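Student: okay, here's the prediction I keep looking at, along with the sequence it came from:
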Amino acid sequence: MKDKERLTGKPFEDLIFKIYQELEPYASIKKNDRIRGVESGIEREIDISLRKDFGGHKILMIIQAKDYKRKADIKVLGEFDSVIRDVRASRGILICNAGFTKAAKEYAKNRGIDLCTAHDASTKDWRGEIKIPVIRTRRIVSYKLFFPFQVTREFIEKNGPHFQNIQLKMGPEGIILKDRIGEEAHFLQIFLKLWKDGKIEKQGQHKIKLNAYLELFFDSSLATTDPVEVEYSVNTRNYLKFLTPIDYRGIKDFVTEKFSPSFIQIKEAIPFHDDKSWDYLPDLSTLALDALRLEIDILQIDNVNMVKASWVE
């Protein structure tokens, strides 16, 4: 009787139902659904069904929950596969926290069946070791400004061939430039806006022309330069650490180990600062980037640090 209760696993089904309600808030999700088979003509019992529109098409996903003590074998996969085909489901997901046999995994791969496990930090039997990768990217920008201007004969006659006592208009954040309509802005303001708009390359050496000009003040006259050019280089270094959530629920793909949380809570503050807990990551491509992660991007230019943090899945 105990094995029977474990096999039906109502609490396990309830957990998975709750997770998919959180993962798919706009889908129609039913528990203990009955769907008539096209080939068999009988009503099939489905632990959880999920229906939604995708690109104008109706999608049916069926999910079976098996809270076994042993690995699900090929017999379990075969039975589930027959149900998927009979009800014409677009996708089948089999969830078993005990895992799957080698033959079952091979069968699922060939038949396009997803094999998953469910995790809930509040339940001992279904708690998993979940770690969230955090990638901190520090980009240090160095730059040179070029401001060509044309010198007329009248200008030379007024100031001489050697331009002495040149002055630039400065503000608290550095050099002040003007745009075409005469509005003033610090160079750093212009550069950081271009960075936020994605118009600045994130690594390497580059040169760009700004839609801004510089006013040069001489002893006896004022000259406006041609558009200012910026030659800049971005030195990029990546670091990695892991955060352990104190509470979470979600589904983990048994093959790829990708964890899709429906709820997650992390106690510690987002780690921005340098310390010994970070590992230097010389090659970002060595890290599997198809899992949930926290990305922290820090731009450092002059004495300014611009920080952007975002969850990426």
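Tutor: Cool, got the structure. None of the values given here were measured: they were computed from a predicted structure. Numbers count the residues shown, from 1 in each chain.

Student: where do the helices sit along this structure?
Tutor: Chain-ordered helices for the chain, with DSSP state H as the definition, fall at 2-8, 10-23, 74-86, 102-111, 153-159, 187-196.

Student: just the buried residues of the third one, please?
Tutor: If you call a residue buried by 16 or more other Cβ atoms under 10 Å, then helix 74-86 has these buried ones: I74, V76, L77, F80, D81, V83, I84, D86. Using the backbone N, CA and C atoms, a C-beta is placed for each residue, glycine as well.

Student: for the third one, give its distance to T123.
Tutor: For L77, the distance to T123 (Cβ to Cβ, to the nearest Å) stands at 26 Å.

Student: the helices of the chain: which one's closest to R34?
Tutor: Counting by Cβ to Cβ, R34 lies closest to helix 74-86 out of these; the figure is 11.6 Å.

Student: list the helices and strands that closest one packs on?
Tutor: For helix 74-86, the helices and strands in contact under the criterion 3 or more Cβ pairs under 8 Å, 6 or more residues apart in numbering; DSSP states H and E are strand 43-54, strand 57-65, strand 91-95, helix 102-111.

Student: picking that back up, out of the buried residues of helix 74-86, the closest to P282 would be?
Tutor: Sorting the buried residues of helix 74-86 by how near they are to P282, with Cβ to Cβ, puts L77 at the top with 41.2 Å.

Student: hang on, the earlier thing: rebuild the buried residues of helix 74-86 as CSV, extending it with pLDDT.
Tutor: Written out in CSV, the entries for the buried residues of helix 74-86 read as follows (pLDDT from 0 to 100):
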residue, pLDDT
I74, 95
V76, 95
L77, 96
F80, 96
D81, 96
V83, 97
I84, 97
D86, 96
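
Student: closest to L177 among the residues you listed?
Tutor: Using Cβ to Cβ, I84 is the member of the buried residues of helix 74-86 that sits closest to L177, with 63.3 Å.
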